[in-house]
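> Based on what follows, work out the 3D shape:
(chains A, B, C and D)
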2 protein chains.
Amino acid sequence: MSEPAEARNRAGLTETEFLAGYDPRRFPPVAVTVDIVLLTVRQGRFSVLLVRRAEHPEMGKWALPGGFVQEHEDLDEAVLRELGEETGLEQLPPGIHLEQLRTYGRPDRDPRMRVFSVAYVAFAPHLPAPRAGSDADLARYWPVAELSSPDGPRLAFDHATIIDDAIERARSKIEYTPLATAFLEEPFSLSELRAIYEEVWGTPQDPSNFRRKVLRLEGFVVPVGEIAPPRGPHGGRPAELYRRGPAQVLWPPLRRREPEEAPGEEG
Amino acid sequence: MSEPAEARNRAGLTETEFLAGYDPRRFPPVAVTVDIVLLTVRQGRFSVLLVRRAEHPEMGKWALPGGFVQEHEDLDEAVLRELGEETGLEQLPPGIHLEQLRTYGRPDRDPRMRVFSVAYVAFAPHLPAPRAGSDADLARYWPVAELSSPDGPRLAFDHATIIDDAIERARSKIEYTPLATAFLEEPFSLSELRAIYEEVWGTPQDPSNFRRKVLRLEGFVVPVGEIAPPRGPHGGRPAELYRRGPAQVLWPPLRRREPEEAPGEEG
DNA sequence: GCAAAAGTGTTGACTGTACACCCATGT
DNA sequence: ACATGGGTGTACAGTCAACACTTTTGC
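So this is what the prediction gives:
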């Protein structure tokens, strides 16, 4: 028998009566928050939005944006509200992708009280600098490659774990869904799309085969019938432009290939 | 600005002070539960464990087993504890698979108070009848095919949604992981494994090609070097036996094929 | 012309599917 | 012998990675 059932039975209460007479001294305070792993590719770098904590605990460390779920809010509503607050955007851009990641509830993950965090992942195109009108030091995008480096941010609570899970979710999700397009603004070229895959996966893709695969997957992208504007220093042929198609899943998936057991790292 | 931040700022409190002085009249009571979708294949039927509610609200309806997360428990611990209680098993059988599904938090999903439910899916082999020693009417396995039929159970709260999500998770997870083996006790034959796929997906699989695919995926199953015991009425060649291999993922995946737009339903 | 990037074609290896066929067992 | 299910062989179509090649642009 579980402890609360025992407590309830000892008090001679039905479950309903027990809950109606909810006593915070007996059921210690519990909070539910949402934390958002906002992933984006800016300046060619796969990055995550973090905010610096101005208060204890974990003061000065970097944390995921998030906050309490309010009384009448669904989880998704809480996420959208927090996202708007943290990015400083009145309206989130179209095409942004939001999905629930998982819930983190280790008893000791927050020293103040029992906090369950329902984590979400967002895939967003390049957004303006965060928190417009606020202290620029308090929120910034960190390249995920720097997260584990000594120069990277020190992360608060269990947010390093959450971010790792979110990155893995992103890497696998763009294999079998068209959601890599959520990192781009429309219209986009296939090279831009390929750059997203290469940056998120960290592996180069053959341009010609990539193109063929993307175009053969029907509903992944649709041509807009325009040509990209001319390019910078040495030219090169301008690319055709595309927008997101109606497909929800990709079959066959695009595959990331791990670099075998070869020693050659990138760079 | 979010409402709690405003409230905190008006009171001149830091976040820490605010939380330390947590006031249940201001932050109305919130509960976190785990709900478990225990999936299994028994008597050849893909089934889910449900318990009949003996109390209001939703009295008499069928609900997922679950309960409150206790003060010092991690989520996974709460699930294991509840699973043990509901199945009546001292020790869960080896090979059982447990994973977090997602968290459901609609404000109105439970009329008593704000309840966030962290749902888990479990894949289990045939287990003894639930809740040994308790009223047999209170817990039973329902075939998932009956859930949407008029003779099926009326489901409490939002548990129909949770079960739907869990079933879809199971159907997709056995495509790209070896977890279909979690529905079987070792050792098992390839026909038994194929029967799991056919029952969970609801589509027949070609026996010879199924065999080849499974055996070529290295680490999916490993032969134990034994032959299944003789069979019932009309014989038939006895099958070789296998146990679970070390693989974590299957590539290429086994694919369920939707029945095109053909009219022929099963049966 | 040359560099650079977009885009096309070709080839050989591999995979998936359908289906014919052989094997081992009970009656 | 024959029914039943386990297990193998084969052949065709589709897919994929590699890489040579053509096209369109800026300088």
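
> And chain A, what are its domain boundaries?
A:27-173, A:177-244 (automatic domain parsing).

> okay if I get the ones you listed as TSV plus mean neighbour count?
C-betas here are computed from N, CA, C, even on glycine. Output for these, formatted as TSV (neighbours: other Cβ atoms under 10 Å in any protein chain shown):
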stretch	mean neighbour count
domain A:27-173	18
domain A:177-244	16
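
> Quick check: which of those domains is nearest to residue B:69?
Of all the domains of chain A, domain A:27-173 sits nearest to residue B:69, with 6.7 Å by Cβ to Cβ.

> Is chain B within reach of the closest one?
Yes - on the criterion Cβ under 8 Å from any Cβ of the partner chain, domain A:27-173 is in touch with chain B at A:27-32, A:55-57, A:67-75, A:81-82, A:85, A:100, A:102-103, A:105-107, A:112-114, A:116, A:118.

> Just the mean pLDDT for that domain, thanks.
The average of the pLDDT scores along domain A:27-173 is 91.

> Grab the nearest non-local neighbour of residue A:57.
residue A:111 (5.4 Å; Cβ to Cβ, 6 or more residues apart in numbering or on different chains).

> any idea which helix or strand carries the one you found?
Per DSSP states H and E: residue A:111 is located in neither a helix nor a strand.

> Longest strand in chain A, please.
strand A:30-42 (DSSP state E).

> Quick one: list the elements packing against it.
With contacts taken as 3 or more Cβ pairs under 8 Å, 6 or more residues apart in numbering or on different chains; DSSP states H and E, strand A:30-42 sits against strand A:45-52, strand A:66-68, helix A:75-87, strand A:114-124, helix A:159-176, helix A:190-201, strand B:30-42.

> for the last one, the distance to its chain's centre please.
On the basis of Cα atoms, centre = their mean, to the nearest Å, the separation between the geometric centre of strand B:30-42 and that of its chain is 7 Å.

> okay, it in CSV with CA atoms only?
The C-alpha atoms that make up strand B:30-42 are tabulated as CSV, following Å, rounded to 0.1, in the frame of the first residue of the first chain:
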residue,chain,number,x,y,z
VAL,B,30,-1.2,21.5,-7.4
ALA,B,31,-0.7,17.7,-7.5
VAL,B,32,1.6,15.6,-9.6
THR,B,33,0.7,12.1,-10.3
VAL,B,34,2.0,9.3,-12.5
ASP,B,35,-0.3,7.3,-14.7
ILE,B,36,0.8,4.1,-16.3
VAL,B,37,-0.2,2.6,-19.6
LEU,B,38,0.8,-1.0,-19.1
LEU,B,39,0.6,-2.7,-22.5
THR,B,40,0.9,-6.4,-23.0
VAL,B,41,-0.2,-9.1,-25.3
ARG,B,42,-2.3,-11.7,-23.6
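
> Next, find the distance separating the closest residue to residue A:257 other than its chain neighbours from residue A:187.
Distances taken as Cβ to Cβ, 6+ apart place residue A:203 nearest to residue A:257, at 6.4 Å, with adjacent residues excluded. From residue A:203 across to residue A:187, the span is 25 Å (Cβ to Cβ, to the nearest Å).

> Then residue A:197?
Taking Cβ to Cβ, one finds residue A:197 at 18 Å from residue A:187.

> Ok, residue A:177 next?
20 Å.

> re the thing from before, what are the pairing partners of the longest strand of chain A, and which direction each?
With DSSP bridges as the test, strand A:30-42 is paired with strand A:45-52 (antiparallel), strand A:66-68 (antiparallel), strand A:114-124 (parallel).

> The helix or strand that the last one is followed by pairs with which strands, parallel or anti?
Beyond strand A:114-124 on the C-terminal side, the first helix or strand identified by DSSP H and E is strand A:139-143. Each strand paired with strand A:139-143, and its direction, by DSSP bridges: strand A:45-52 (antiparallel).

> ok, what's across the strand from the residue nearest to residue A:155 when sequence neighbours are not counted?
In space, and not counting its chain neighbours, residue A:155 is closest to residue A:62: 5.6 Å by Cβ to Cβ, 6+ apart. Beta bridges link residue A:62 to residue A:52, residue A:155, judged by DSSP bridges.

> Would you agree residue A:62 is in contact with residue A:53?
Yes - contact status for residue A:62 versus residue A:53: in contact at 7.3 Å, counting by Cβ atoms under 8 Å.

> any common contacting residues for these two?
With contacts taken as Cβ atoms under 8 Å, 6 or more residues apart in numbering or on different chains, residue A:62 and residue A:53 have residue A:156 as neighbours in common.

> re earlier: can you say which of the helices and strands packed on strand A:30-42 is nearest to residue A:250?
helix A:159-176 (5.4 Å).

> Send over the closest one as CSV, restricted to the C-alpha atoms.
Provided in CSV are the C-alpha atoms of helix A:159-176 (Å, rounded to 0.1, in the frame of the first residue of the first chain):
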residue,chain,number,x,y,z
HIS,A,159,19.5,22.1,-17.3
ALA,A,160,22.5,20.5,-18.9
THR,A,161,20.7,17.2,-19.0
ILE,A,162,17.6,18.8,-20.4
ILE,A,163,19.5,20.6,-23.1
ASP,A,164,21.3,17.3,-24.0
ASP,A,165,18.0,15.6,-24.4
ALA,A,166,16.6,18.4,-26.5
ILE,A,167,19.6,18.4,-28.8
GLU,A,168,19.2,14.7,-29.3
ARG,A,169,15.5,15.1,-30.0
ALA,A,170,16.3,17.8,-32.6
ARG,A,171,18.9,15.7,-34.3
SER,A,172,16.7,12.7,-34.6
LYS,A,173,13.5,14.6,-35.4
ILE,A,174,14.9,16.2,-38.5
GLU,A,175,15.7,12.8,-39.8
TYR,A,176,12.1,11.7,-40.2
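
> I'd like to know which elements it is packed against.
Helix A:159-176 packs on strand A:30-42, strand A:45-52, strand A:97-104, strand A:114-124, helix A:190-201, going by 3+ Cβ pairs under 8 Å, 6+ apart.

> Would you mind putting these into a markdown table with distance to DNA strand D alongside?
Compiled in a markdown table, the helices and strands packed on helix A:159-176 are given as follows (distance: least, Cβ to the nearest atom of the strand, whole Å):
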| stretch | distance to DNA strand D |
| --- | --- |
| strand A:30-42 | 23 |
| strand A:45-52 | 22 |
| strand A:97-104 | 23 |
| strand A:114-124 | 23 |
| helix A:190-201 | 12 |
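
> now those in JSON lines, with distance to residue A:90?
Shown next, in JSON lines, are the helices and strands packed on helix A:159-176 (distance: least, Cβ to Cβ, whole Å):
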{"stretch": "strand A:30-42", "distance to residue A:90": "16"}
{"stretch": "strand A:45-52", "distance to residue A:90": "17"}
{"stretch": "strand A:97-104", "distance to residue A:90": "17"}
{"stretch": "strand A:114-124", "distance to residue A:90": "15"}
{"stretch": "helix A:190-201", "distance to residue A:90": "26"}
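
> For residue B:219, find the nearest of these.
helix A:190-201 (23.6 Å).
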